[in-house]
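**Student:** Following is a predicted model, sequence given first.
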Amino acid sequence: MRIFCILLVIVIFVSSWSKASNRSDDSRYIINGSVGNIADNGKMVYLIKANTGLRLDTAIVSDGKFIFTGNYKSPAMFDIVMNQSSLRVFEILAEDAVVTVKLTENPVVTSKGLNGEVAKIKDIELRSMKIGEYLLGKYLQEEALEIFTNVLHHNIIDPSAKLSPEDRLMVEEYLDEVLKAKKIREDILESNRDNILGVYCIQWIYEFYGDLPPGLSFNVVDSLLNRVPLARKYAPVMKMYDDFKAIEETSVGGPFLDFAAQKSDGSSIKLSDFVGNGKYVLVNFMAPWCGYCKQELPNLKYVYERYPDLIVLGVYIDGTRESFNTYIKGVDIPYKLLYVGDSKRASSLYGISSLPLTILFNPDGIIVDRGIDKENVKDKIADIFSK
């Protein structure tokens, strides 16, 4: 009996210690929300785990207000979405402070802690989006993207860029803002290397790059992550990190990486059945919902029909088998289409975070170009077959 009592005490102690330890790993969040339209009373508002779509909690708007409370383990970020509405706010940092959210067409997130700092970064993002939309609306897409990329990634304005005097002045002002933004970002990152704001900065930088721009080594991406060890515990950041690593491994000069797929008749096939077998192979990764993918089809058809020694493949990397079958019945594509669908292997191997992506492999299976756009594919293939 004495032994039993001693064991019981030990069990209770260990259980209590375990619960206390778990509590010490958790922090409490409080999000006080408000809406700007009285008609939103009675609507449901959802708290979502950012970048996952996982619903964590539901609140009902009453007297123009709603509230979310709970525990979280760092690092964590939340989205807030109103049911049957376009109102939403993304990437609220989970912090041990009261966060205030105004859920309107132009949402505002404030706190006396980390979310107040995020507002500085989001102001930069908003300005970036507006400039990009303006340039895309006024100039050819490729010209606008080149101007935008030079400012954002290289901090220069190409003297030969065909800009009106007014637009050049606007882009010069934007360049000044970009340089200021980098200083702000660096200051915030350096001061928050051990918390969720540091993680957010890493995610923002990774999203900002989107792809490895010319001249940016994977070592730079890796060094950023090393500065904020907590970011290694945040899955969305690690997904982007893995994509960057895959991009580096499948950059120009690297060998092809094989993956399994299905032909249009459902039979199995591999990329290696085409690549590395003595011919140039042009692979276009695409999806049916991708508008830019459809814009590339005419030039892909052209090079396929113009150069019989070139193999052209379309790789369908998103969607169900049924949607693939529907797609191939509705398009006139003369070259082979392969189905990968919901399998993430091809996307993971090649670090595909956006579509379309076109890669050219030489007869030995070595990557000779990656990210060929629709404007350059004809010239690229013509140059190869003119030698």
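**Tutor:** Happy to help now that I have it.

**Student:** How about residue 108: what's its closest non-neighbour residue?
**Tutor:** By the measure of Cβ to Cβ, 6 or more residues apart in numbering, the closest residue to residue 108 outside its immediate chain neighbours is residue 102, 4.3 Å from it. (Glycine included, C-beta is placed from N, CA and C.)

**Student:** what's across from the one you found in the sheet?
**Tutor:** Residue 102 has the following beta-bridge partners by DSSP bridges: residue 34, residue 108.

**Student:** per-residue confidence for it?
**Tutor:** Per-residue confidence for residue 102 comes out at a pLDDT of 96.

**Student:** And it, how close does it get to residue 34?
**Tutor:** Distance of residue 102 to residue 34, given as Cβ to Cβ, to the nearest Å: 6 Å.

**Student:** which residues in the stretch 51-200 of the chain form helices?
**Tutor:** With helices called from DSSP state H, counting those that start in this stretch, the stretch 51-200 of the chain shows them at 114-138, 141-149, 165-191, 196-209.

**Student:** could you dump those to CSV with mean pLDDT, distance to residue 233 and mean neighbour count?
**Tutor:** Conversion of these to CSV gives the following (pLDDT from 0 to 100; distance: least, Cβ to Cβ, whole Å; neighbours: other Cβ atoms under 10 Å):
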stretch, mean pLDDT, distance to residue 233, mean neighbour count
helix 114-138, 75, 16, 16
helix 141-149, 71, 31, 16
helix 165-191, 82, 17, 15
helix 196-209, 82, 8, 22
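
**Student:** Among the ones you listed, which comes closest to residue 305?
**Tutor:** Proximity to residue 305 (Cβ to Cβ) singles out helix 141-149 among the helices of the stretch 51-200 of the chain, at 24.0 Å.

**Student:** quick revisit: residue 338 is nearest to which of the helices of the stretch 51-200 of the chain?
**Tutor:** Between residue 338 and the helices of the stretch 51-200 of the chain, the shortest gap by Cβ to Cβ is with helix 141-149, which sits at 27.5 Å.

**Student:** What residues are bridge-paired with residue 62?
**Tutor:** When assigned by DSSP bridges, residue 62 has beta-bridge partners residue 65.

**Student:** start the count at 57, not 1, going forward
**Tutor:** In the new numbering, first residue 57, that becomes residue 118.

**Student:** tally of neighbours for it?
**Tutor:** For residue 118, the count of nearby residues is 10 (other Cβ atoms under 10 Å).

**Student:** how close does the residue nearest to residue 164 sit to residue 120?
**Tutor:** For residue 158, the distance to residue 120 under the criterion Cβ to Cβ works out to 10 Å.

**Student:** any common contacting residues for the two?
**Tutor:** Counting by Cβ atoms under 8 Å, 6 or more residues apart in numbering, the residues touching both residue 158 and residue 120 are 90-92.

**Student:** can I assume the residue nearest to residue 164 is in contact with residue 88?
**Tutor:** No. Contact status for residue 158 versus residue 88: not in contact, 10.0 Å apart, counting by Cβ atoms under 8 Å.

**Student:** can you list the weak-confidence ranges in the stretch 207-356 of the chain?
**Tutor:** Per-residue confidence for the stretch 207-356 of the chain (pLDDT under 70) gives these ranges: 208-209, 264-273.

**Student:** So which residues of it form strands?
**Tutor:** 316-318, 324-326, 337-342 (DSSP state E, counting those that start in this stretch).

**Student:** Out of those strands, the one nearest residue 171 is which?
**Tutor:** With Cβ to Cβ, the closest approach to residue 171 among these belongs to strand 337-342: 36.9 Å.

**Student:** Show residues contacting the closest one.
**Tutor:** With contacts defined as Cβ under 8 Å, 6+ apart, strand 337-342 is touched by 327, 330-331, 349, 352, 356, 359, 366-373, 402-403, 406, 408, 411-417, 428, 433, 437.

**Student:** Go through these and flag which are in strands.
**Tutor:** Judged by DSSP state E, strands contain the following of the contacts of strand 337-342: 367-372, 413-417.

**Student:** out of those residues, who's nearest residue 116?
**Tutor:** Checking these against residue 116 by Cβ to Cβ gives residue 372 as the nearest, at 41.9 Å.

**Student:** neighbours around that closest one, how many?
**Tutor:** For residue 372, the number of neighbouring residues by other Cβ under 10 Å comes to 25.
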